[in-house]
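Dropping a prediction and its sequence here:
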Protein chains: 2
Amino acid sequence: MTSTEHQEHGRADAPLAGVRPTRQRLAVAAALEAFDDFRSAQEIHELLAQRGEKVGLATVYRTLQRLTESHDVDMLRTEDGEAIYRRCSDTHHHHLVCRECGATVEVEGPAVERWTSSIAAEHGYADISHTLEIFGTCTACTAG
Amino acid sequence: MTSTEHQEHGRADAPLAGVRPTRQRLAVAAALEAFDDFRSAQEIHELLAQRGEKVGLATVYRTLQRLTESHDVDMLRTEDGEAIYRRCSDTHHHHLVCRECGATVEVEGPAVERWTSSIAAEHGYADISHTLEIFGTCTACTAG
DNA sequence: GTCCGGTTGAGAACCGTTGTCAAATCCCCC
DNA sequence: GGGGGATTTGACAACGGTTCTCAACCGGAC
């Protein structure tokens, strides 16, 4: 957030559009493809290390931050405040997450969107945003 | 979460029911009454200090933890992962929070509760819980 | 009063995250 | 094709919120 700096990065079509596609940034993006569920920055950093991709932890954080800002990845917080990341579709959606294995389903709820807007309007709140995540235990984990 | 330890603390009628009502715990509970909005543990600790109540920071954390577990206070996380607390009613509810001043409205949304349950069932997820918070700018802050 | 287990507090430890800054890298332009 | 300036990187330190440690302390039962 400097001052006049302004270019519609991201969300043009591919992630990382508008920024230099360095080896490190590509590696992080690729790593995100390897997961289907939410992972912490440190886990991603570890995966990269295992793959032989040497990327500094700070760079992983910086890249994830950037991708989050451009809405190419979703970031949410675990119960204990740790940030976890996952590549995402570009429509507004929420998550149904298994608290055992992390398996994630993206869900949409137009009714909820409408409800939050009307509640907010009703109380005179402007410029609304909301967070909604659903946690549960998936079939596989219930069985196991 | 030890093993056989089990006694229905809290939620009997008053907060802190079932535990020793020490000076420190009472002070924290009283401090929570002084706020109408979400505050961090450190802010609460500060308020206590200002009031001349000497309570260790660790104790504030421990007490808030306990009150959260017994559902006498709500805990939620700010965008940057910090835990904030607020005394709450005992019915299940969500919050409409002003991101400027923290002014909070408790809201209920039976439809949302139903929606999350059905979504979860639909995907075979069991033992469901969910988080839903709405952030916006309240009338006062929009005007100011 | 005495005893005992729950509680406290000061500080260290912890851990995820961000800042620092010199070195490396990249891209534009000549 | 090579220089130069801006961007990016990475090792490491610093930071901030939270939890742990453990000896001293206290409260309630008898």
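In hand now; what should we look at? Numbers count the residues shown, from 1 in each chain, chains lettered A, B, ... in the order given.

For the longest strand anywhere in chain A, which outside residues touch it?
Assignment by DSSP state E gives strand A:126-137 as the longest strand of chain A. By Cβ atoms under 8 Å, 6 or more residues apart in numbering or on different chains, the residues outside strand A:126-137 that reach it are A:76, A:94-100, A:107, A:109, A:112, A:116-117, A:120, B:116, B:119-120, B:125-137, B:142. C-beta coordinates here come from the backbone N, C-alpha and C atoms, glycine included.

Indicate whether the helix or strand following it makes contact with chain B.
Counting by DSSP states H and E, the element after strand A:126-137 in chain order, helix or strand, is helix A:139-143. Yes: remark: helix A:139-143 sits within contact range of chain B at A:139, A:142, by Cβ under 8 Å from any Cβ of the partner chain.

for helix A:139-143, which positions count as buried?
A:Cys141 (16 or more other Cβ atoms under 10 Å in any protein chain shown).

Just the C-alphas of it, formatted as PDB.
The C-alpha trace of helix A:139-143 is given here as PDB (Å, rounded to 0.1, in the frame of the first residue of the first chain):
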ATOM      1  CA  THR A 139     -17.300 -39.400   6.100                       C
ATOM      2  CA  ALA A 140     -13.900 -41.000   5.800                       C
ATOM      3  CA  CYS A 141     -12.700 -39.700   9.200                       C
ATOM      4  CA  THR A 142     -16.000 -40.700  10.900                       C
ATOM      5  CA  ALA A 143     -15.600 -44.200   9.600                       C
END
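
Can you give the distance of it from its chain's centre?
Offset of helix A:139-143 from its chain centre (Cα atoms, centre = their mean, to the nearest Å): 25 Å.

cool, stretch A:81-90 as well?
2 Å.

Report the buried residues of that stretch.
Using 16+ other Cβ under 10 Å as the burial criterion, the residues of stretch A:81-90 that qualify are A:83-88.

what do you get for stretch A:18-26?
For stretch A:18-26, burial by neighbour count (16+ other Cβ under 10 Å) applies to A:24-25.

Likewise for stretch A:119-128?
Neighbour count says stretch A:119-128 has A:119-120, A:123, A:125, A:128 buried, by 16+ other Cβ under 10 Å.

what is the mean pLDDT for that stretch?
Averaging pLDDT along stretch A:119-128 gives 93.

Now do that stretch: distance from first to last residue.
Start-to-end span of stretch A:119-128 (Cα to Cα, to the nearest Å) is 10 Å.

chain center to the helix or strand A:Met75 falls within, what's the gap?
Counting by DSSP H and E, the element that carries A:Met75 is strand A:73-77. Distance, stretch centre to chain centre, for strand A:73-77: 3 Å (Cα atoms, centre = their mean).

ok, now stretch A:116-132?
Averaging C-alpha positions (Cα atoms, centre = their mean) puts stretch A:116-132 22 Å from its chain's average.

Also stretch A:82-91?
Relative to its chain's centre, stretch A:82-91 lies at 2 Å (Cα atoms, centre = their mean).

Show me what that stretch is in contact with.
Contacts for stretch A:82-91 (Cβ under 8 Å, 6+ apart): A:11, A:15, A:32-33, A:35-41, A:44, A:64, A:67-68, A:71-78, A:104, A:106, A:108, B:81.

Report the buried members of these.
Counted by 16+ other Cβ under 10 Å, those give A:15, A:32, A:35, A:38-39, A:41, A:44, A:64, A:67-68, A:72-78, A:104 as buried.

quick revisit: the longest strand of chain A to strand B:73-77, inter-axis angle?
Using axes from the mean of the first three to the mean of the last three Cα atoms, to 10 degrees, the direction of strand A:126-137 lies 100 degrees away from that of strand B:73-77.

Neighbouring strands of strand A:126-137 in the sheet, and parallel or not?
strand A:94-98 (parallel), strand B:126-137 (antiparallel) (DSSP bridges).
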